[in-house]
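S.K.: sequence-free structure coming up:
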């Protein structure tokens, strides 16, 4: 690993770690309705919103009511966005150079994609979407869906923190505060930084230039900075352009790449500190964060090493890293980022619910691509989505506690709350949802003509991995893909939409149900027989449990794809 990559990775981890506590404390004050420095600007707007929507901010909801509001809000956003996409030809800001209308199935897929923070894109944004669709439709959903996910994460934490309570807070209050106090200020600051670095922010018509051959060339532009920052800050993903973060207008410099990756990770990482503060045990939050950081660091090391190694099929090529070349596997990577910047982005985005990318993952080595796939199969809990990553990690911690309880013959407890039969049902429903959705959909795709027709370039093990990667990404609400799969067909538009819906609502509902069950309990004091869930020993148990669950659930699928490709083709 070269010196500059080591510095980049270490600096990234250091900045995130340094900001976990201040950001975590700020979010705890926001959702506990304590005083913050933005109150003078946000409180009047908040009161106006409640007055206009007839929301009583002092009325709290049960877990069932909270989940119902979350689902209805997501479905309403889906229907509104679908209407915008279907009618964009008659809405403002639809220039004549947009010539690719959305079919009903593609519009439905895109609407579900953005309202679930998946932002899976089976279209080229600059050739398909109008400025109205990009801003009023897609950008607005990036804010709303990201805020809704954060609200669910906070409600989950409240359930673990409260005792003998039937309520988890008010969804509309949490949603409003997530927007006004967190996402809007962060997006404004981030957008200014991106504009400073050269990311366009305008509503001008696309520029038309003459090439050296004399033929006209359309150069897209538009309100890129506004969409770019919230897609990362809200852990949404997607892109204004088809090339996503590899496009120089979305991601022009190594500094913008670094800023955008920080925007993805900071809030989910800081939510671990918010968790520790709200449950009254800060060490619990730090334990979860350090487990995330350990797995994140392992991913960086593995992907970098796999991408830096020489390709055995190109024996006469110099793969050594030097001042004049990046060396290693540079296929599908931008020279301005090199292997280090590409690896950082690939690992960050595959660990979170942010399907942005600045290199083509389909061109990664088989083992490098496998690490990205495993990151998503872990359940997007290494930082993860905004709100969703935290409760995914806590769910995994509950499984580890249950296994430890079986070993010593004690009723498992987490944060002083017992994990009984009802709690175990919710945890198992959560844990089994991914393999019960991803593997059957993959099996259907590889055994039907409609599914196999999407493999336009690669077949065999790599083609299998492309399909598995697609359904895993959609279920994880991630949205990135191996680009060799042509997914804009009725079959893939509908099946990936199903995976997105289950990955969003099918996981949030059991999480809220578990939080409600915990909230009704009274915490029991720790005793000599209580398993300390903030110790290094428990961190080791949790890490081992995570790796074991992925291996048992997906090992056959993983082996059939990238591992076979490695063995058969030496790549």
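M.R.: On my side now, so go ahead. This structure is a prediction, so every number in the text was calculated from the model and none was measured.
S.K.: Okay, now the unreliable bits of this structure?
M.R.: 94-99, 310-326, 529, 552-571 (pLDDT under 70).
S.K.: hey, where'd the strands end up in the protein?
M.R.: Counting by DSSP state E, one finds strands in the chain at the ranges 61-62, 167-169, 207-210, 216-219, 413-414, 417-418.
S.K.: In JSON lines, list these along with distance to residue 248.
M.R.: Just so you know, the C-beta spots here come from the backbone N, C-alpha and C atoms, and that holds for glycine as well. What follows is the strands of the chain, written out as JSON lines (distance: least, C-beta to C-beta, whole Å):
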{"stretch": "strand 61-62", "distance to residue 248": "46"}
{"stretch": "strand 167-169", "distance to residue 248": "43"}
{"stretch": "strand 207-210", "distance to residue 248": "14"}
{"stretch": "strand 216-219", "distance to residue 248": "11"}
{"stretch": "strand 413-414", "distance to residue 248": "47"}
{"stretch": "strand 417-418", "distance to residue 248": "51"}
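S.K.: Tell me the spacing between the residue of the chain positioned farthest from its centre and residue 205.
M.R.: Most distant residue from the mean C-alpha position of the chain: residue 214, 43.3 Å away (C-alpha atoms, centre = their mean). With distances taken as C-beta to C-beta, to the nearest Å, residue 214 is found 21 Å from residue 205.
S.K.: Can you mark which positions in stretch 433-453 are buried?
M.R.: Of the residues in stretch 433-453, those buried under the neighbour-count criterion (16 or more other C-beta atoms under 10 Å) are 433, 434, 435, 437, 438, 439, 441, 442, 445, 451.
S.K.: With stretch 341-357 instead?
M.R.: So stretch 341-357, judged by 16+ other C-beta under 10 Å, has buried residues 341-357.
S.K.: what's residue 511 in contact with, if anything?
M.R.: Neighbour list for residue 511: 152, 156, 391, 395, 426, 430 [criterion: C-beta atoms under 8 Å, 6 or more residues apart in numbering].
S.K.: Residues touching stretch 63-80, excluding its own?
M.R.: With C-beta under 8 Å, 6+ apart, stretch 63-80 has contacts from 61, 111-112, 114-116, 141, 144-145, 148, 151-152, 155, 159, 168-169, 171-172, 175, 504-505, 508-509, 512-513, 515-516, 519.
S.K.: if we can go back for a sec, of the contacts of residue 511, just say which sits nearest to residue 532.
M.R.: residue 395 (19.3 Å; C-beta to C-beta).
S.K.: nearest residue to the closest one other than its sequence neighbours?
M.R.: residue 430 (5.1 Å; C-beta to C-beta, 6 or more residues apart in numbering).
S.K.: Compute the number of surrounding residues for the one you found.
M.R.: A count of neighbours around residue 430, defined by other C-beta atoms under 10 Å, yields 24.
S.K.: next one: residue 216
M.R.: 8.
S.K.: Equivalent analysis for residue 40, please.
M.R.: 8.
S.K.: again, but for residue 305
M.R.: 17.
S.K.: For it, give me its contacts.
M.R.: Residue 305 neighbours (C-beta under 8 Å, 6+ apart): residue 1.
S.K.: repeat for residue 359
M.R.: Contact analysis of residue 359 by C-beta under 8 Å, 6+ apart lists 246, 332, 333, 334, 337, 342, 345, 346.
S.K.: I'd like the distance between it and residue 245.
M.R.: 8 Å.
S.K.: Need the residues touching each of those two.
M.R.: Jointly contacting residue 359 and residue 245 under the rule C-beta under 8 Å, 6+ apart are residue 345.
S.K.: Which residue ranges of the stretch 51-200 of the chain form helices?
M.R.: 63-86, 104-115, 125-128, 131-132, 140-161, 171-177, 184-196 (DSSP state H, counting those that start in this stretch).
S.K.: returning to what we had before: got the contact list for the residue nearest to residue 395?
M.R.: Per C-beta under 8 Å, 6+ apart, neighbours of residue 430: 395, 507, 510, 511, 514.
S.K.: where do the helices sit along the stretch 451-571 of the chain?
M.R.: With DSSP H, counting those that start in this stretch as the criterion, the stretch 451-571 of the chain has helices spanning 460-475, 490-519, 536-558, 564-569.
S.K.: Quick check: which of those is buried the most?
M.R.: helix 460-475 (a mean of 25; mean count of other C-beta atoms under 10 Å).
S.K.: who does that one touch, helix- and strand-wise?
M.R.: Under the contact criterion of 3 or more C-beta pairs under 8 Å, 6 or more residues apart in numbering; DSSP states H and E, helix 460-475 touches helix 366-377, helix 421-446, helix 490-519, helix 564-569.
S.K.: that older thread, how about the helices of the stretch 51-200 of the chain, which one is nearest residue 28?
M.R.: Closest of those to residue 28 is helix 140-161, at 9.1 Å (criterion: C-beta to C-beta).
S.K.: tell me the angle the closest one makes with helix 490-519.
M.R.: Helix 140-161 and helix 490-519 meet at an angle of 30 degrees, taking axes from the mean of the first three to the mean of the last three C-alpha atoms, to 10 degrees as the criterion.
S.K.: Tell me which residues touch the residue nearest to the spatial centre of the chain, please.
M.R.: Here the mean C-alpha position of the chain is nearest to the C-alpha of residue 353 (C-alpha atoms, centre = their mean), at a distance of 0.7 Å. Applying C-beta under 8 Å, 6+ apart, we find residue 353 in contact with 117-118, 149, 235-237, 380, 384-386, 388-389, 476-479.
S.K.: tally of neighbours for the closest residue to residue 494 other than its chain neighbours?
M.R.: Sequence neighbours aside, residue 105 is the residue nearest to residue 494 in space, at 6.2 Å (criterion: C-beta to C-beta, 6+ apart). By other C-beta under 10 Å, the residues close to residue 105 number 17.
S.K.: wait, doesn't residue 105 sit right on residue 492?
M.R.: No - counting by C-beta atoms under 8 Å, residue 105 does not reach residue 492; the two are 9.1 Å apart.
S.K.: still on that earlier bit, what about the helices and strands packed on helix 460-475, which gets the closest to residue 100?
M.R.: helix 490-519 (14.7 Å).
S.K.: from the middle of its chain, how far away would the closest one be?
M.R.: Its chain's average C-alpha position is 14 Å from that of helix 490-519, according to C-alpha atoms, centre = their mean, to the nearest Å.
S.K.: Having no further points to raise, I will conclude here.
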